[in-house]
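Chemist: When you get a sec, could you give me coordinates for this:
(2 chains)
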Amino acid sequence: MILATAYATFYRNIFRSSVSGPGAIATGSANQSHSLPLRVLTPSHNHFMKAKVYVTLKPSVLDPQGKAIKHSVELLGFHGVNDIRQGKYFEISLDNSVSEANAREEATRLAHDVLSNPIIEDFRVEIEK
Amino acid sequence: MKFGVVVFPGSNCDHDAYHVISKHVGQPVDFIWHRDTDLSTYDAIIIPGGFSYGDYLRAGALARFSPVMNSIKEFAAEGNLVLGICNGFQILCEAGLLPGALIRNRDLHFICDYVNVRVENTDTPFTQELKPGSVLRMPIAHAEGNYVCDDATFEELLRHQQIIFRYCDASGNVSEAANPNGARDNIAGICNHGRNVLGLMPHPERACEDLLGSSDGREVFRSLAGALAAAA
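Modeler: Residues are numbered from 1 along each chain as shown, chains lettered A, B, ... in the order given. Predicted coordinates:
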């Protein structure tokens, strides 16, 4: 199945110029110079599992940045904002050495040991396959 | 007695600390690159101020994973002296060698100014030659100096007299007005349970010469050297 991409247009033109129909391609006959391996072409993109880590300050911890943002937001005319707390978001793409089963465990360990300071922050992990 | 001043990528008060030990304490001192792990020849380690790893993620959060930190943990566990100044204090907290954490200053600004701190406890190698209640004038330069800890930890600090310095006014009154960054209970510096590890946000190494504005910081280093001499 050839996709309608630039690559496909290239290959389609090659086939048109060399043979009379798909039959010739299937048997791999005539016109050796135009005999190209028939490949399904997809955009080159290796798929990695993604761990999404959300780090937030514990409710008991002062967040002056959040307060400053809230103040500015109010000055800009946004109403109805009771409070704003600022956190951090990390996207970690995990390579193939991490199995689906281990992904959450690995991401949690990373979040606990490095990405957050458990004294002042909480975290949440989401795994996207 | 030999001192070591640890250098992380981004440390910038290492030379001040080195200078103070070399010139004012008059003892041998080395720079220790953060990847070096042999601390066997040192009697005291100083973790200086600065912006190790650019304060990326959190101040001190990445430095605490440097190879030298494992050695410093062992060094401290054996009862040897470790002094963490500013970023050094932050690193010690992130590494779990001191309790609590340092977060963004209450008023969000980076503050570069002189403060006064009261000596709350002289039962540490770092303050043993000082008078309790005396006031030291030292500069601070930080944006994340707001010391926080949960109530249980705070009770522990009080119970074991681990609060060593508190922000105060020139007369020694510990007041909210004298608190530059919102730190809990005006805490400017604490020690660990074993009293051999001290962390403080102000810079004593920048207050060792009257020409530069204050020489009160010398007292801390004099105490430290005195304690090492007595132990030798």
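
Chemist: The nearest residue to A:D83 once chain neighbours are set aside: what's it in contact with?
Modeler: Spatial nearest neighbour of A:D83, chain neighbours left out: A:K70 (6.4 Å); criterion: C-beta to C-beta, 6 or more residues apart in numbering or on different chains. Quick note: C-beta positions are derived from backbone N, CA and C, even for glycine. By C-beta atoms under 8 Å, 6 or more residues apart in numbering or on different chains, the residues touching A:K70 are A:V81, A:D83, A:I84.

Chemist: Give me the buried subset of those residues.
Modeler: Buried members of the contacts of A:K70, scored by 16 or more other C-beta atoms under 10 Å in any protein chain shown, are A:I84.

Chemist: what about the strands in chain B?
Modeler: Here chain B has its strands, by DSSP state E, at B:3-7, B:29-33, B:44-47, B:81-85, B:101-103, B:111-119, B:135-142, B:146-148, B:163-168, B:187-191, B:197-200.

Chemist: List the contacts of the last one.
Modeler: Looking back up the chat, that one is strand B:197-200. Applying C-beta under 8 Å, 6+ apart, the contact partners of strand B:197-200 are B:76, B:81-86, B:88-89, B:92-93, B:97-98, B:117, B:124, B:126, B:164-165, B:188-192.

Chemist: do the same with the third one
Modeler: Residues lying outside strand B:44-47 but in contact with it, judged by C-beta under 8 Å, 6+ apart, are B:1-6, B:17, B:21, B:32, B:39, B:72, B:75, B:80-85, B:87-88, B:91-92, B:205, B:224, B:228.

Chemist: If we use 6 Å, what do you get?
Modeler: Strand B:44-47 has contacts (C-beta atoms under 6 Å, 6 or more residues apart in numbering or on different chains) with B:F3, B:G4, B:V5, B:V6, B:A17, B:I72, B:L81, B:V82, B:L83, B:G84, B:G88, B:I91.

Chemist: Hmm, B:F3 and the fifth one touching each other?
Modeler: No - taking C-beta atoms under 6 Å as the contact criterion, B:A17 and B:F3 are not neighbours in contact, 8.4 Å apart.

Chemist: Neighbour count for the two, which is higher?
Modeler: Ranked by neighbour count (other C-beta atoms under 10 Å in any protein chain shown), B:A17 and B:F3 place B:A17 first, with 30 against 26.

Chemist: Could you list the buried residues of the helix ranked longest in chain B?
Modeler: Taking DSSP state H as the criterion, chain B has its longest helix at helix B:218-231. Using 16+ other C-beta under 10 Å as the test for burial, helix B:218-231 gives B:R218, B:E219, B:V220, B:F221, B:R222, B:S223, B:L224, B:A225, B:A227, B:L228.

Chemist: how about that helix as PDB, C-alpha atoms only?
Modeler: Taking Å, rounded to 0.1, in the frame of the first residue of the first chain, the C-alpha atoms of helix B:218-231 are listed here in PDB:
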ATOM      1  CA  ARG B 218      35.700  35.600  61.200                       C
ATOM      2  CA  GLU B 219      34.300  34.400  64.500                       C
ATOM      3  CA  VAL B 220      32.700  31.400  62.800                       C
ATOM      4  CA  PHE B 221      35.900  30.300  61.200                       C
ATOM      5  CA  ARG B 222      37.900  31.000  64.400                       C
ATOM      6  CA  SER B 223      35.500  28.700  66.300                       C
ATOM      7  CA  LEU B 224      35.800  26.000  63.600                       C
ATOM      8  CA  ALA B 225      39.600  26.200  63.600                       C
ATOM      9  CA  GLY B 226      39.600  26.200  67.400                       C
ATOM     10  CA  ALA B 227      37.400  23.100  67.500                       C
ATOM     11  CA  LEU B 228      39.700  21.200  65.100                       C
ATOM     12  CA  ALA B 229      42.800  22.200  67.100                       C
ATOM     13  CA  ALA B 230      41.300  21.000  70.300                       C
ATOM     14  CA  ALA B 231      40.300  17.700  68.700                       C
END
